[in-house]
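Novice: sharing a sequence plus its predicted fold:
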Amino acid sequence: MAGGNGLSAAHPRAYPQRVVSRRSRWPPGAGSRTGAGGLRHGSPLRGLVAVTPIIRRMDVHIDHPAFQVAAARRMLARGGCESRVAGQVALRDPDRPDTFWVSPWGYFDETLPDHVVLVSMDLQVLSGAGGVSPAVGFHAQMLRDRPAAGAVIHTHSPYVEVLSTTGAEVGMYSADACLFHDEQAHYFDDGVRPIVDGPRMSAALGDRSVLWLGNHGVVIVAESLALATVKAITLETSARCHVEAQMIGGKEMPIAEAVRSKGLYLQNFIGAMWEANWRRLRRSDPDLFEVLGA
């Protein structure tokens with residue numbers, strides 16, 4: 001997709017525009033230079049506390065990774081993937097691949113670029129004003145283990161959360177569920193090991209793109225933010241179809257049909273959905289685009 005119009009897959013090679021965002025405090029009313037854990041810029045994430053680094057004003061444009069993360073979060077919200085104040089979107093920085101931008105605590109539909117935090121792979125907070133979940137540990141591990149991966153999304157969307165209680169994979173009940181054929185893996189937290197066990201989670205995912213977290217939600221890893229975002233939205237609708245189809249005795253499509261359709265959906269559906277969501281976002285979320293001075 002072309003950059004500069006909101007239709008890119010968030011892989012700019014430079015950040016040429018210099019527009020200052022109008023909003024910078026996160027969470028609302030935050031004025032402290034340290035978060036709940038007393039951590040500052042350059043501090044590693046520890047424990048289960050939010051980290052609120054030094055608040056700053058961000059120079060941002062539409063292809064900046066922080067803007068792309070904020071936009072993806074809002075697309076997810078509009079697509080039924082709101083996850084209360086948890087859930088994250090992480091995007092590898094294209095020019096500094098050993099760092100990534102990640103969303104803070106908060107509802108998906110309120111995210112602004114200034115809320116998004118830049119973190120190193122060893123969990124040093126480099127820039128940002130948002131409180132960061134310790135879940136960023138598994139985002140970092142997956143990006144580190146998968147050099148070709150550009151984005152990681154974690155949601156607790158409603159039907160995904162329901163299906164995660166069963167230990168089942170999403171079935172091939174809907175046409176676009178073909179995107180998840182031979183792509184799913186499972187991880188179960190036994191309550192004994194560390195609550196964010198990045199190495200075990202990444203190992204469980206392997207080379208697949210969808211990791212079901214038992215009684216929790218899902219993690220999606222993809223080459224681009226566009227692919228990860230559309231997959232997350234589609235997984236929620238596919239999970240709903242799975243749950244409701246089973247209630248009425250519905251049948252899955254033949255595996256041969258899923259295999260044939262998967263390539264076509266990857267070729268046509270992902271790009272069309274990404275562009276359509278940008279168009280819809282411009283109408284539904286004018287406050288996001290206000291930061292561009294547009």
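Specialist: The structure has been received and is ready for your questions. Because the structure is a prediction, the values reported are computed rather than measured.
Novice: in the lengthiest helix in the chain, what counts as buried?
Specialist: Longest helix of the chain, by residue count under DSSP state H: helix 225-247. Going by neighbour count (16 or more other CB atoms under 10 Å), the buried part of helix 225-247 is 225-243. (Glycine included, C-beta is placed from N, CA and C.)
Novice: what of stretch 212-229?
Specialist: 212-213, 216-229.
Novice: same question for stretch 269-284.
Specialist: By 16+ other CB under 10 Å, the buried positions in stretch 269-284 come out as 269-271, 273-274, 277-278, 281.
Novice: packing partners of the longest helix of the chain?
Specialist: helix 65-78, strand 88-92, strand 151-155, helix 158-163, strand 217-222, helix 270-284 (3 or more CB pairs under 8 Å, 6 or more residues apart in numbering; DSSP states H and E).
Novice: at 7 Å what do you get?
Specialist: Under the contact definition 3 or more CB pairs under 7 Å, 6 or more residues apart in numbering; DSSP states H and E, helix 225-247 sits against helix 65-78, strand 151-155, helix 158-163, strand 217-222, helix 270-284.
Novice: turn these into JSON lines, columns for distance to Thr111.
Specialist: Formatted as JSON lines, the helices and strands packed on helix 225-247 follow (distance: least, CB to CB, whole Å):
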{"stretch": "helix 65-78", "distance to Thr111": "4"}
{"stretch": "strand 151-155", "distance to Thr111": "13"}
{"stretch": "helix 158-163", "distance to Thr111": "19"}
{"stretch": "strand 217-222", "distance to Thr111": "18"}
{"stretch": "helix 270-284", "distance to Thr111": "12"}
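Novice: dump the ones you listed into JSON lines; add mean pLDDT as well.
Specialist: Formatted as JSON lines, the helices and strands packed on helix 225-247 follow (pLDDT from 0 to 100):
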{"stretch": "helix 65-78", "mean pLDDT": "98"}
{"stretch": "strand 151-155", "mean pLDDT": "98"}
{"stretch": "helix 158-163", "mean pLDDT": "98"}
{"stretch": "strand 217-222", "mean pLDDT": "98"}
{"stretch": "helix 270-284", "mean pLDDT": "98"}
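Novice: to Met121, which of the ones you listed lies closest?
Specialist: strand 151-155 (12.2 Å; CB to CB).
Novice: quick check: Val170 vs Ala245, distance?
Specialist: Using CB to CB, to the nearest Å, Val170 is found at 11 Å from Ala245.
Novice: wait, Ser284
Specialist: Counting by CB to CB, the gap from Ser284 to Ala245 is 29 Å.
Novice: what does Ser261 give?
Specialist: On the measure of CB to CB, Ser261 and Ala245 end up 17 Å apart.
Novice: how about Val219, nearest residue that isn't a chain neighbour?
Specialist: Leaving aside its sequence neighbours, Val219 sits nearest to Leu211 (CB to CB, 6 or more residues apart in numbering; 4.3 Å).
Novice: what pairs with the strand or helix carrying the one you found, and is each one parallel or antiparallel?
Specialist: Taking DSSP states H and E as the definition, one finds Leu211 inside strand 210-213. Strand 210-213 pairs in its sheet with strand 184-187 (parallel), strand 217-222 (antiparallel), by DSSP bridges.
Novice: tell me which helix or strand comes right after the helix or strand of the chain with the lowest mean pLDDT.
Specialist: Every helix and strand of the chain was ranked by mean pLDDT, DSSP states H and E. The lowest is strand 19-20, at a mean of 31. As assigned by DSSP H and E, the chain's next helix or strand after strand 19-20 is strand 59-60.
Novice: would you list the strands that that following strand pairs with, along with their directions?
Specialist: When sheet partners are counted by DSSP bridges, strand 59-60 sits next to strand 19-20 (antiparallel).
Novice: which regions of this structure sit below the pLDDT cut-off?
Specialist: Applying pLDDT under 70 to the chain picks out residues 1-58, 129-130, 294.
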